[in-house]
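Asker: fold the stuff below for me.
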Amino acid sequence: MPRIPQLSELSIEQRIGQVLCFGWQGESDAESRRVIPHARELVETMEVGGVVLLGRNVDSANPLRTRAVLDELQAMSRVPLFLAIDQEGGSVNRFRAPFHEFPGNMAIGAIATGEAGVAAGELYARRQAEAQARELLAAGINWNFAPVVDVNNNPDNPIIGVRSYGEDPQLVARLGAAAIRGYQEAGLLACAKHFPGHGDTSVDSHLALPTINGDRARLASVELVPFDRAILEGVGAIMTTHILFPALDPARPATLSQPILTGLLRRELGYDGLVITDCLEMDAIASTFGTARGAVEALKAGADMVLVCHTLETQRETVEAIRSAVESCELPESRLNEAVECVLAAKRRFLSSPSVVEREPWRDPAIDSLEREIAEASITVVRATTGPLAVIPVRRNARILAVSMHPAVDSFAESVRRQSRGRATVDRLHLAEYTNEDLDLENIESYDSIVALTCPHEPWSVSPIDPRRQARLVRILAAAAEGNLIVVAIREPYDIREFNSVPTYICTYGYRRSSLVALAALLFGDIRATARLPVTVEGASA
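Answerer: Next up is the predicted model:
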């Protein structure tokens, strides 16, 4: 890997490049192991300090092909590149199988809140992060935009949810710190996000500009607690959020706020690591200040790198806007140099000496076991009938109907068949666009158990779920099933608010294979649920 230069060795154009972390559109051509023109321009012409990979840029089936593309990009760059990705676990995974797909962070929060205790949760958080770091390093990635350390104290939050460890600031702080330790001790740069907190919103900042109200004391006792702990843990990077905090800055969202990034983060909290913005093409910035203008304002406010994930023309405009701001002295060269020094310092810390890179850690049986352990230990039985009316465990030779508006119902049905050792009769009903006519209730009495899987609206899905239709479906099933209904929230635990009379309610915090296999094991009594909800859910109490 090339030597990391001193600031004085870089031209003004190269210094501007170092504060840029850009993504590229289109397929990565990973199968042919070629770098496409968009990516080439970022590295050779703009001389960016980092690139970010999204799902469109990775070959999940063969991560070593992605590695070949990244190695080529790295070889093009005079200054070693940050190669970044969002691989949080749960619903935000750019690499899919054969990479391991752990449940969302809230699963670890549930373990820590349950019988196992906080120490067990911390151990799992660290081990999971270490496993993810091993896989990412082997694929050529050196920076993960994780962990999420937002405190999810708003059940209507449309974008954080199970990405958070829970609603207790101290618990989130301890688990986030453990994850940071796991990532960085393995040699991967971690990134605590989204500063100063994205947990108490009901608006997705990808779509609009949210506001979090609350005085300074309240923010200090909730949102800031995990970030303070992350800083003490030595986290290498912190990502900002596009949210307005009137108590801190009544005019500008955090990403563009000097009182928040310089005054609060740098001076009050004493953070001296790398500060990167969330993507400036998100509508909270793009539709208000504009992406290019937002990049200039973010750097003026105290950010060290600006993230622009998608559009080449917008990236060109961003480079030009920064250059013009430096030439006009609107963005002082001293502030640019300060940002570049921070980028170079992080590169010296994490990129100067090569990390131990394994050939294919995603094939390690030890990580298989860890993934299974976390999925099983986190399953939460929120509510269940006992005694003669109990519906779990289910008989292994039972006749089972699996119903959902989510496509995970197919994988779940197969997991149930396997877990029953072929003895159960399992029918599945995937009602992507549920209407009353889709459901035939005439034969419902022939089933020993009806399992309904629920999930909130996911705007990125091919067929996003309508929560109102889903709630109506569950209520109809509850009325017809005569006590044999088992409702399972396969992502957010908050679904029960729409049908709070169901007698049996389970949470998995994820719908990847490991979570569905664990769910099947729980239904047949092969494992015992010891986790507890790490968030308050109205209607969850019996």
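
Asker: need the residues that contact stretch 197-205.
Answerer: 150-154, 156-160, 164, 167, 209-212, 214, 219, 222-224, 227, 241-243, 278, 282-284, 459 (CB atoms under 8 Å, 6 or more residues apart in numbering). Any C-beta I mention is one placed from the backbone N, CA and C, and that applies to glycine too.

Asker: of these, buried ones?
Answerer: 150-154, 157-160, 164, 167, 209-210, 212, 214, 219, 222-224, 227, 241-243, 278, 282, 284 (16 or more other CB atoms under 10 Å).

Asker: residue 74 versus residue 448, what's the distance?
Answerer: 57 Å (CB to CB, to the nearest Å).

Asker: more neighbours: which of those two?
Answerer: Neighbour count, other CB atoms under 10 Å: between residue 448 and residue 74, residue 74 has more, with 18 against 15.

Asker: check contacts around the more buried one.
Answerer: Residue 74 touches 1, 80, 81, 83, 140, counting by CB under 8 Å, 6+ apart.

Asker: need phi/psi at it.
Answerer: phi -60, psi -40 (degrees, to the nearest 10).

Asker: same question for stretch 123-134, mean pLDDT?
Answerer: Stretch 123-134 carries an average pLDDT of 98.

Asker: would you mind listing the buried residues in that stretch?
Answerer: In stretch 123-134, counting by 16+ other CB under 10 Å, buried: 123, 124, 125, 126, 127, 128, 129, 130, 131, 132, 133, 134.

Asker: chain center to it: distance?
Answerer: 15 Å (CA atoms, centre = their mean, to the nearest Å).

Asker: same check, this time on stretch 462-476
Answerer: That offset, for stretch 462-476, works out to 24 Å (CA atoms, centre = their mean).

Asker: stretch 339-352 now?
Answerer: 25 Å.

Asker: write down the beta-bridge partners of residue 402, one by one.
Answerer: Counting by DSSP bridges, residue 402 forms beta bridges with residue 428, residue 451.

Asker: ugh, wrong one, I meant residue 195
Answerer: residue 240.

Asker: let me know how buried it is, in neighbour terms.
Answerer: Residue 195, neighbours per other CB under 10 Å, totals 29.

Asker: can you check residue 527 too?
Answerer: 17.

Asker: now do stretch 93-104: distance from first to last residue.
Answerer: 10 Å (CA to CA, to the nearest Å).

Asker: now that stretch: buried residues?
Answerer: 93, 94, 95, 99, 100, 101, 102, 103, 104.

Asker: with stretch 177-193 instead?
Answerer: Applying 16+ other CB under 10 Å to stretch 177-193 flags 177-184, 186-193 as buried.

Asker: so of the residues you listed, which ones are in helices?
Answerer: Counted as lying in helices by DSSP state H, out of the buried residues of stretch 177-193, are 177, 178, 179, 180, 181, 182, 183, 184.

Asker: which one of those residues sits closest to residue 509?
Answerer: residue 179 (15.4 Å; CB to CB).

Asker: isn't that closest one right next to residue 124, touching?
Answerer: No. Using CB atoms under 8 Å, residue 179 makes no contact with residue 124, being 9.5 Å away.

Asker: show me where pLDDT drops low in the chain?
Answerer: 1, 27-33, 203, 355-356, 435-438, 541-542 (pLDDT under 70).

Asker: from the buried ones among the contacts of stretch 197-205, which ones fall inside strands?
Answerer: With DSSP state E as the criterion, strands contain residue 278 from among the buried ones among the contacts of stretch 197-205.

Asker: closest to residue 368 out of the buried residues of stretch 93-104?
Answerer: residue 100 (7.3 Å).

Asker: how about that closest one, what does it touch?
Answerer: By CB under 8 Å, 6+ apart, residue 100 lies in contact with 131, 132, 135, 362, 367, 368, 370, 371, 514.

Asker: could you break the chain into its assigned domains?
Answerer: Listed by automatic domain parsing, the domain ranges of the chain are 39-354, 379-523.

Asker: just name the most buried of these.
Answerer: Mean neighbour counts were compared across the domains of the chain using mean count of other CB atoms under 10 Å; the top stretch is domain 39-354, at a mean of 22.
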